[in-house]
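Colleague: Mind folding the following:
(chains A, B, C and D)
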Number of protein chains: 2
Amino acid sequence: MANIQQVAKHAGVSVATVSRVLTGKNIVTAKTKQKVEEAIQYLNYEPSMLGRNLRNSESRIVLILIPTISNPFYFEIIKGIENMALSQNYSILLCETDSKPEKEEIYFDLLRKKMADGIISMDPAVNVETLKELSENYAIIQCSEYGGGVGIPYVTIDSEEASYRAVKHLIQIGHRKIALMNSDEKFLYARERRMGYERALREHGIPLNKDYILYTQELGFEQGQLAMKKILQLEDRPTAVFGVSDLLAIGALKEINAAGLHVPNDIAVVGFDKIDFSNMTNPALTTVAQPMYKMGTVAARMLIEKIQGKPVDSVVLGFELVIRESTTG
Amino acid sequence: MANIQQVAKHAGVSVATVSRVLTGKNIVTAKTKQKVEEAIQYLNYEPSMLGRNLRNSESRIVLILIPTISNPFYFEIIKGIENMALSQNYSILLCETDSKPEKEEIYFDLLRKKMADGIISMDPAVNVETLKELSENYAIIQCSEYGGGVGIPYVTIDSEEASYRAVKHLIQIGHRKIALMNSDEKFLYARERRMGYERALREHGIPLNKDYILYTQELGFEQGQLAMKKILQLEDRPTAVFGVSDLLAIGALKEINAAGLHVPNDIAVVGFDKIDFSNMTNPALTTVAQPMYKMGTVAARMLIEKIQGKPVDSVVLGFELVIRESTTG
DNA sequence: GATGAAAATGTAATCGATTTCATTTTACAG
DNA sequence: CTGTAAAATGAAATCGATTACATTTTCATC
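Modeller: Next up is the predicted model:
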């Protein structure tokens, strides 16, 4: 509980000198340095971030905005962000918005009140207006999800292409009746994924069937079950389902099994994200793997550069189709 | 980017008066209050937590120590902690230790450097010595996991009784050959759960079979698969498996399915924790539900009271056995 | 209108560090 | 031994709030 004053006094030097030893930037005689270090040892001194942060006008905390902590999709990204942040002496504060503006505001306020130095937003439902406004004065990066054309740097993958490749895979193994379980198209990624889906069909001369496209409010397991229920009731039942999240696809799996049908023999299933659980289901899920860890580290680096006032450019990363039992038996 | 000085100047009052308006504690004339509020509006002023925190010698941040963010078991607890913390104007910093002392130290340092006001530890592998030492000067609560007899307040459930009830359920539906997939017994909860298992067997006159007790390094899916592989190779194959975490049980499920056996007809499975995914598997998992959200709110309240210097007592919460398809078909 | 207590406001110290600028010490050449 | 430039150190301002204490204002009462 000692402070820098007491260390200075005990070492017989000024606080400035102690500070120099602490930050290690300025030159200090080996002898005085040792005196100071002994005093630090003796008093069990730990520099207070409160004082340092005030003086430096920084908090060394970055915010990560996610809609919900329950979606494992964010795990690897968060790990990536965290490791990069930690290596630069930043701590991360995980902010669950529940896609509610009120909760979002709590965290925006943290930024305004200097409790945080920047934000990495992964919430597709984020208020883009406010975000845009904040980005004029604060460091903000969009990760994975992004609102187009607002001038906020982002890191993401090519959703359209990823979706195209997933559907193309289904077509190549013989499917022509392919359902799409999509998210609300107010989200850019949802529009892009539908476009990829349509492009694959078009390219293979498969006519678009509106009944095969379903929209869900959220990307969770229950929504997947519900959507699958509807699909199973269609007269001309699809032989394959592409869900834009693994949780949706896992919900579909469960529902198909419950109906006494077999995956992939009766219906093949493809997911999106390659969350840990996509490998634990029965059968294991074919899915699109985003480079999540990488995405996290890139986002963190971009944010820190933004905080330091450097200019940063948006980044589009690659992806990979992981073929497993739910499409190939 | 205005500070309190500028607000005071613009409103024609002293900084003390502005501060009084901000904190709302001291009495200020309606007229001056209005002047100040107008100035705040006009200058777009937001009080800096950096200044406030230094002056108040607090950071209003609490740390949550978890071994890994990938285990969904922690979700609900975290939500509980977060909501309670938020309501008291605290923010939470999620700290993944990977059960590594080095990472743990990073977060302990945050506490020592006044970057955090307290810690809720959910890491069973935490260094209890250091924790004990820290608890003399800082606010610390153990949640869910705890090292006994170190004098740090904790909130948990009665693991022995929960385990006893889970095994008793298996016995009641006719099983006598019951395997236990347990965690390393260096953890108190692992010892308690084995004791509950043994008590249930003893009470029903079932002799203990050492071969039926397996130990895993971690509580993950892969460890569950591995353990199940071993169990399937036993000469006298068990008809039921009790895993001390849902992830272990889900690993077992997958492995049983892969071996062409049926759950629960060939082998019944029981998990522990009632994570979201325990309901998404095929079949849905019978499991022990811990009151996770409640546990989180209680832990947070205890921590905040500790921070405020109040004395706090440990709490043991109830649990519930959730019977689903993996034991009853 | 004077008086005094209560209410409102202001002044200045404080929290704990960093950093600019001034001063002292060191080291080396002459 | 002296002079001087460079290196080391110190004094004090600063970051932005809160608050103890001092001072001023208000207002009921006589």
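Colleague: From here on, just use CA atoms for contacts and neighbour counts.
Modeller: Noted.
Colleague: how close does A:Leu214 get to chain B?
Modeller: As judged by CA to the nearest CA, to the nearest Å, A:Leu214 and chain B stand 21 Å apart.
Colleague: how about stretch A:295-309 against DNA strand C, any contact?
Modeller: No: Stretch A:295-309 stays clear of DNA strand C (CA under 7 Å from any atom of the strand), getting no nearer than 13.7 Å.
Colleague: What residues sit buried inside that stretch?
Modeller: Residues A:Met295, A:Gly296, A:Thr297, A:Val298, A:Ala299, A:Ala300, A:Arg301, A:Met302, A:Leu303, A:Ile304, A:Lys306, A:Ile307 are the ones in stretch A:295-309 that count as buried (16 or more other CA atoms under 10 Å in any protein chain shown).
Colleague: Secondary structure element holding the residue of the stretch 151-300 of chain A at minimum distance from DNA strand C?
Modeller: Nearest residue of the stretch 151-300 of chain A to DNA strand C, counting by CA to the nearest atom of the strand: A:Ala300, 23.0 Å away. Applying DSSP states H and E as the criterion places A:Ala300 in helix A:292-307.
Colleague: sorry, back to before: can you give me the pLDDT of the residue of the stretch 151-300 of chain A closest to DNA strand C?
Modeller: Here the pLDDT value assigned to A:Ala300 is 98.
Colleague: residues contacting it?
Modeller: Applying CA atoms under 8 Å, 6 or more residues apart in numbering or on different chains, we find A:Ala300 in contact with A:Gly80, A:Ile81, A:Glu82, A:Met84, A:Ala85, A:Ile120.
Colleague: picking that back up, from the buried residues of stretch A:295-309, which is closest to chain B?
Modeller: Distance ranking of the buried residues of stretch A:295-309 against chain B, using CA to the nearest CA, places A:Gly296 first at 14.6 Å.
Colleague: how about the helix or strand bottoming out on mean pLDDT in chain A: buried residues?
Modeller: Within chain A, no helix or strand scores below helix A:128-134, which has a mean of 91 by mean pLDDT, DSSP states H and E. Residues of helix A:128-134 classed as buried: A:Leu131, A:Lys132, A:Leu134 (neighbour count, 16+ other CA under 10 Å).
Colleague: Not counting that helix itself, show me its contacts.
Modeller: Against helix A:128-134 from outside (CA under 8 Å, 6+ apart): A:Ile140, A:Gly147, A:Val150, A:Gly151, A:Ile152.
Colleague: so of those residues, which ones are in strands?
Modeller: A:Ile140 (DSSP state E).
Colleague: one step back: can I get the least confident helix or strand of chain A in PDB, CA atoms only?
Modeller: Written as PDB, here are the backbone C-alpha positions of helix A:128-134 (Å, rounded to 0.1, in the frame of the first residue of the first chain):
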ATOM      1  CA  VAL A 128     -24.300   2.100 -36.400                       C
ATOM      2  CA  GLU A 129     -25.200   5.700 -36.100                       C
ATOM      3  CA  THR A 130     -23.800   6.000 -32.600                       C
ATOM      4  CA  LEU A 131     -20.900   3.900 -33.500                       C
ATOM      5  CA  LYS A 132     -20.100   6.200 -36.400                       C
ATOM      6  CA  GLU A 133     -20.400   9.200 -34.200                       C
ATOM      7  CA  LEU A 134     -18.100   7.700 -31.500                       C
END
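Colleague: could you flag which of the contacts of A:Ala300 are buried?
Modeller: A:Gly80, A:Ile81, A:Glu82, A:Met84, A:Ala85, A:Ile120.
Colleague: Ramachandran coordinates for the last one?
Modeller: Translated: A:Ile120. Dihedral pair for A:Ile120: phi -110, psi 110, per degrees, to the nearest 10.
Colleague: same thing with the third one?
Modeller: Note on A:Glu82: backbone dihedrals following degrees, to the nearest 10 are phi -60, psi -50.
Colleague: ok, it touching A:Asn89?
Modeller: No: between A:Glu82 and A:Asn89 there is no contact under CA atoms under 8 Å: 10.1 Å.
Colleague: B:Ala268: which of the buried ones among the contacts of A:Ala300 is nearest?
Modeller: B:Ala268 lies nearest to A:Gly80 out of those, by CA to CA, at 38.2 Å.
Colleague: Secondary structure element holding that closest one?
Modeller: In the assignment (DSSP H and E), A:Gly80 maps to helix A:73-87.
Colleague: What helices and strands are in contact with whichever helix or strand comes after that helix?
Modeller: Next helix or strand after helix A:73-87 toward the C-terminus (DSSP H and E): strand A:91-96. Judged by 3 or more CA pairs under 8 Å, 6 or more residues apart in numbering or on different chains; DSSP states H and E, strand A:91-96 is in contact with strand A:61-66, helix A:73-87, strand B:91-96.
Colleague: Swap in 7 Å and give it another go.
Modeller: Using 3 or more CA pairs under 7 Å, 6 or more residues apart in numbering or on different chains; DSSP states H and E, the elements in contact with strand A:91-96 are strand A:61-66, strand B:91-96.
Colleague: a markdown table please, covering the ones you listed and showing distance to DNA strand D.
Modeller: Shown next, in a markdown table, are the helices and strands packed on strand A:91-96 (distance: least, CA to the nearest atom of the strand, whole Å):
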| stretch | distance to DNA strand D |
| --- | --- |
| strand A:61-66 | 16 |
| strand B:91-96 | 17 |
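Colleague: Switch the ones you listed over to TSV; also include distance to DNA strand C and mean neighbour count.
Modeller: Listed next are the helices and strands packed on strand A:91-96 as TSV, based on distance: least, CA to the nearest atom of the strand, whole Å; neighbours: other CA atoms under 10 Å in any protein chain shown:
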stretch	distance to DNA strand C	mean neighbour count
strand A:61-66	17	24
strand B:91-96	21	23
